[in-house]
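Undergrad: Please work out how this folds:
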Amino acid sequence: MTEGAVGFIGLGLMGQGFTRRLAEKGYRVVGFDIDQGRTRAASDWGVNPANARRKLREPATSFS
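TA: Predicted coordinates:
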C-alpha cells in the first residue's frame, strides 16, 4: 500500500539504503543523482527516476 510520495536527491550508498527501505514499505519514491547510472540502478528496487532535481518538487516530501 502506498502511504505517500517521497523525493530523494542523491542515490549513493546512503541514498540507496533510504530509498530501498522506503520503497519496501510502500512509499512512492522518486529519485535523482547526478550520476545517471545510479538513477537507472535505483529503478531496479522501485525508485521512479527523475531526470532533473526540479522534477522532485511534485512529491509531498523531499530529502537531499
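Undergrad: List the buried residues for stretch 18-34?
TA: Phe18, Thr19, Arg20, Leu22, Ala23, Tyr27, Arg28, Val29, Val30, Gly31, Phe32, Asp33 (16 or more other C-beta atoms under 10 Å). (C-beta placed from N, C-alpha, C; glycine too.)
Undergrad: Please report how far Ala42 lies from Glu24.
TA: 13 Å (C-beta to C-beta, to the nearest Å).
Undergrad: Which other helices and strands does the longest helix anywhere in the chain contact?
TA: As assigned by DSSP state H, the longest helix anywhere in the chain is helix 13-24. Under the contact criterion of 3 or more C-beta pairs under 8 Å, 6 or more residues apart in numbering; DSSP states H and E, helix 13-24 touches strand 5-9, strand 28-32, helix 36-42.
Undergrad: Of all the ones you listed, which one is nearest Asn48?
TA: Minimum separation from Asn48 across the helices and strands packed on helix 13-24 (C-beta to C-beta) falls at strand 28-32, 4.7 Å.
Undergrad: List the pairing partners of that closest one within its sheet, with orientation.
TA: Within its sheet, strand 28-32 is paired with strand 5-9 (parallel), strand 47-49 (parallel), according to DSSP bridges.
Undergrad: on that earlier part again, would JSON lines of the buried residues of stretch 18-34 with pLDDT be doable?
TA: Formatted as JSON lines, the buried residues of stretch 18-34 follow (pLDDT from 0 to 100):
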{"residue": "Phe18", "pLDDT": "95"}
{"residue": "Thr19", "pLDDT": "96"}
{"residue": "Arg20", "pLDDT": "96"}
{"residue": "Leu22", "pLDDT": "93"}
{"residue": "Ala23", "pLDDT": "94"}
{"residue": "Tyr27", "pLDDT": "91"}
{"residue": "Arg28", "pLDDT": "91"}
{"residue": "Val29", "pLDDT": "93"}
{"residue": "Val30", "pLDDT": "91"}
{"residue": "Gly31", "pLDDT": "91"}
{"residue": "Phe32", "pLDDT": "92"}
{"residue": "Asp33", "pLDDT": "93"}
